[in-house]
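A.B. asks: starting from these lines, generate the structure:
(one chain, ligands or ions: 2)
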Amino acid sequence: MPIRIINYKQKGKIFNMQRFSIHDGPGIRTIVFLKGCPLKCDWCSNPESQDPLVQIMFNEKNCIECGKCEKNCPVGAIDMLRHGRIDREKCTSCGVCADNCYPGGLVKSGEETTVEKVMTELKKETIQFRRSGGGVTLSGGELLMQPEFAIELLKACKSMGWHTALETTGYASEETIDKIMPWVDLVLLDIKHLDDEKHKKYVHVSNELIVKNAKKIAATGKELIIRVPVIPQFNCDEKSISDIAKFAKSLNGVQHLDLLPYHKLGANKYENLGLDYTMGQEIKTPDEDTMNNFKKIVEEYGLECTIGG
Ligand code: SF4
Ligand code: SF4
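C.D. replies: Ligands and ions are numbered 1, 2, ... in the order given. Here you go, the predicted structure:
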C-alpha cells in the first residue's frame, strides 16, 4: 500500500527497546516493546508490560537507604519502613522518585514517546538492518492495544524499506487487524490453548477472538509463525500441543511453529512491582525429553518446529 502521510507526532507508550535480536524475525532486529496488555498470563515474564500506565519498580538490592524518595514523593506514597516501599494505591506514577534515585533502587517502567523519537533510535541501526536483511519487530505487552501508534511506527519503518514484524497475542478488534496488516511482513502469533475454559483460567480472557484473528491474519497471505509457550499445568501435555499443531496446520500458509518452554526469568519483577507471582516458585521448566516429544508431535502435522523460537 503506498504511504501517503506518516504522523511522526503520534504518541505511544513503550517500556523497552532491544537491539541486536536474532529470534524475532529475519536478520538483525530491534524489538520495540509497547506497554499495556489485555491478557494476564500467570507465567508472564514481563509483568511490567501489562499495565498501560508508567509503573515504578522497587529493587531493594540497589537501594542505599538515602531516604530521598520518601522526602520527594509529592503524595506521600513512599514509606521507608513499608514492605515493597510504595503504597501503590496512592502512587500517581509521576516518576519523581525514580528520576532522582541514582543507585537504581526505584526505576520507571514505561515512557511516553512519539513515532519520531523511536525512529531516531531505530535509524542508528539502518546499516545493520540493510546488511542482515533485518528490521523492526513490535512486541509488548500487546502492541495492538496502541493501534494508532503501532500503525504510524510501522509505516515509518516501511518508508525506510525495513522488514517489519509483529509479536502478538492476536487479542484485538478485527478492525485493528485489518488496519495494521498492510504494514506488516511477518506475524509471530501466540496460540496458548484451544480449550477456552483453560484459556480463561490461566490467561484470564477467552481465546475466541484470538482464534478468529489467527484465521483472519492467515487469510491475508502474509508470513505467519505460530508460537506456543509450553507451560506446566496449563498446556504441557500431548493433547494440548497436538490440538494447537492441528489448528496451526489448518491456517493458510503456516509452515512453522515455535515451542517456547516455560522459564522463571521474570519472577523477581513481580515483587519489584508489588504483585504476586501466582505460578508458584516450585513449577519447573519442561525437560528436554518432553520438549523433543512435543516437537515430534508438531512435525507429524507437517510443520517445521523450533524449540525456543
Ligand atoms: S532514593 Fe533510591 S536509593 Fe535512596 S532510599 Fe529511595 S530507593 Fe533507596
Ligand atoms: S512515582 Fe511519584 S507518586 Fe509514585 S511513589 Fe514515586 S514520587 Fe511518589
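
A.B. asks: drop to CA atoms for contacts and neighbour counts, all remaining ones
C.D. replies: Will do.

A.B. asks: next, count neighbours for residue 103.
C.D. replies: For residue 103, the neighbour count with other C-alpha atoms under 10 Å is 15.

A.B. asks: check the gap between the residue nearest to it when sequence neighbours are not counted and ligand 2 for me.
C.D. replies: Excluding its sequence neighbours, the residue lying closest to residue 103 (C-alpha to C-alpha, 6 or more residues apart in numbering) is residue 62, at 5.9 Å. Note on residue 62: its distance to ligand 2, by C-alpha to the nearest ligand atom, to the nearest Å, is 16 Å.

A.B. asks: the stretch 101-250 of the chain: helices as residue ranges?
C.D. replies: In the stretch 101-250 of the chain, the helices defined using DSSP state H, counting those that start in this stretch lie at 115-122, 126-132, 147-159, 174-180, 196-203, 208-219, 238-250.

A.B. asks: state the mean pLDDT of the last one.
C.D. replies: For helix 238-250, mean pLDDT rounds to 98.

A.B. asks: longest single strand anywhere in the chain?
C.D. replies: Counting by DSSP state E, the longest strand found in the chain is strand 11-21.

A.B. asks: contacts for it?
C.D. replies: Residues outside strand 11-21 that contact it (C-alpha atoms under 8 Å, 6 or more residues apart in numbering) are 28-35, 49, 52, 109-115, 146, 149.

A.B. asks: please apply the same query to stretch 52-60.
C.D. replies: Identification of contacts with stretch 52-60 by C-alpha under 8 Å, 6+ apart yields 13, 35-37, 48, 84-86, 93, 95, 98, 104-111, 269, 272-273.

A.B. asks: domain-wise, how is this structure divided?
C.D. replies: Following automatic domain parsing, the chain resolves into domains at 11-51+111-307, 58-109.

A.B. asks: now the helices of the stretch 101-250 of the chain as JSON lines including mean neighbour count and distance to residue 44?
C.D. replies: As requested, the helices of the stretch 101-250 of the chain are exported to JSON lines (neighbours: other C-alpha atoms under 10 Å; distance: least, C-alpha to C-alpha, whole Å):
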{"stretch": "helix 115-122", "mean neighbour count": "16", "distance to residue 44": "25"}
{"stretch": "helix 126-132", "mean neighbour count": "15", "distance to residue 44": "29"}
{"stretch": "helix 147-159", "mean neighbour count": "22", "distance to residue 44": "22"}
{"stretch": "helix 174-180", "mean neighbour count": "14", "distance to residue 44": "23"}
{"stretch": "helix 196-203", "mean neighbour count": "17", "distance to residue 44": "9"}
{"stretch": "helix 208-219", "mean neighbour count": "17", "distance to residue 44": "18"}
{"stretch": "helix 238-250", "mean neighbour count": "18", "distance to residue 44": "19"}
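
A.B. asks: show me the one of those that comes nearest ligand 1.
C.D. replies: helix 115-122 (27.8 Å; C-alpha to the nearest ligand atom).

A.B. asks: what's the closest one packed up against?
C.D. replies: Applying 3 or more C-alpha pairs under 8 Å, 6 or more residues apart in numbering; DSSP states H and E, we find helix 115-122 packed against helix 147-159.

A.B. asks: give me the angle between the helix it packs on and helix 115-122.
C.D. replies: Relative orientation of helix 147-159 versus helix 115-122 (axes from the mean of the first three to the mean of the last three C-alpha atoms, to 10 degrees): 40 degrees.
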